[in-house]
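Peer 1: Turn this into a model:
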Amino acid sequence: MAVCADRRGKVRLFNKLIDEYVHNSCTILTFATAFRPGLIRLSPEEREAGFSKSPSKKRSEYRRDVVAHGLDSGFVKEAVEHHEKLVTSIEDAVHTAPYLGGDAYSLADVAVIPYILRLELLGLSRMWDRHPGVASWWERVRRRPSTEEAIFERMTDADAAPFKNPQPDPWAKVRELLNAA
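Peer 2: Prediction:
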């Protein structure tokens with residue numbers, strides 16, 4: 001019974017990390033990189049109309065700042081740190097088992113997949129260069145038929161378009177932030 005409780009605890013911790021830290025951090029990195037060029041082309045009034053639709057004033061604040069300042073936004077450093085915590089947590093988890101919650105694929109894996117995918121789409125997969133467990137976990141879960149069907153078969157060219165050829169390449173700034181941490 002203790003093993004089952006330990007697995008449930010691991011799953012809950014991954015979901016807590018996603019819910020409380022990584023989700024908003026993902027928004028920050030995405031708006032600072034992939035979505036920024038399209039938003040900059042809008043008039044200030046059009047951008048503000050979009051930002052004001054958010055139900056969260058804090059999220060609107062993040063978006064305004066990262067669109068204005070890109071990866072130099074004050075919010076980006078913490079966003080990178082939260083993603084590094086996620087990558088480190090994955091690495092730690094897969095040292096003892098193939099999946100994040102243990103020997104079986106779980107809701108922890110399901111919750112984390114979109115955020116690792118987003119890092120990859122943003123050109124930030126080098127975040128796990130020093131974490132071979134993350135790379136092997138990612139290969140294992142991305143080859144699952146459910147991942148293929150739910151994500152890769154449904155992703156359209158329009159979905160992928162904002163992530164093609166980000167300029168400037170975000171890796172240089174992210175690497176700098178990681179090295180400073």
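Peer 1: so which strand or helix has residue 115?
Peer 2: helix 107-121 (DSSP states H and E).
Peer 1: One more: residue 87?
Peer 2: Going by DSSP H and E, residue 87 is in helix 76-93.
Peer 1: Which neighbouring elements make contact with that helix?
Peer 2: helix 2-17, helix 23-32, helix 107-121, helix 132-142, helix 171-180 (3 or more CB pairs under 8 Å, 6 or more residues apart in numbering; DSSP states H and E). To be clear about C-beta, it is placed using only N, CA and C from the backbone, and glycine gets the same treatment.
Peer 1: how distant is it from the center of its chain?
Peer 2: The chain centre lies 9 Å from the centre of helix 76-93; the measure is CA atoms, centre = their mean, to the nearest Å.
Peer 1: list the buried ones in that helix?
Peer 2: Of all the residues in helix 76-93, those buried under the rule 16 or more other CB atoms under 10 Å are 76-77, 79-80, 82-84, 86-87, 89-91, 93.
Peer 1: what mean pLDDT does it have?
Peer 2: Per-residue pLDDT values over helix 76-93 give a mean of 98.
Peer 1: again, but for stretch 23-30
Peer 2: Here stretch 23-30 scores 96 as its mean pLDDT.
Peer 1: Convert the C-alpha atoms of the helix holding residue 115 to PDB, please.
Peer 2: Written as PDB, here are the backbone C-alpha positions of helix 107-121 (Å, rounded to 0.1, in the frame of the first residue of the first chain):
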ATOM      1  CA  LEU A 107      -1.500  11.400 -15.200                       C
ATOM      2  CA  ALA A 108       1.900  12.900 -14.300                       C
ATOM      3  CA  ASP A 109       3.200  12.000 -17.800                       C
ATOM      4  CA  VAL A 110       0.000  13.200 -19.400                       C
ATOM      5  CA  ALA A 111       0.300  16.500 -17.500                       C
ATOM      6  CA  VAL A 112       4.000  17.100 -18.400                       C
ATOM      7  CA  ILE A 113       3.900  16.200 -22.100                       C
ATOM      8  CA  PRO A 114       2.500  19.500 -23.400                       C
ATOM      9  CA  TYR A 115       5.100  21.500 -21.500                       C
ATOM     10  CA  ILE A 116       8.100  19.500 -22.800                       C
ATOM     11  CA  LEU A 117       6.500  19.600 -26.300                       C
ATOM     12  CA  ARG A 118       6.300  23.400 -26.000                       C
ATOM     13  CA  LEU A 119       9.900  23.700 -25.000                       C
ATOM     14  CA  GLU A 120      10.800  21.600 -28.000                       C
ATOM     15  CA  LEU A 121       8.600  23.800 -30.300                       C
END
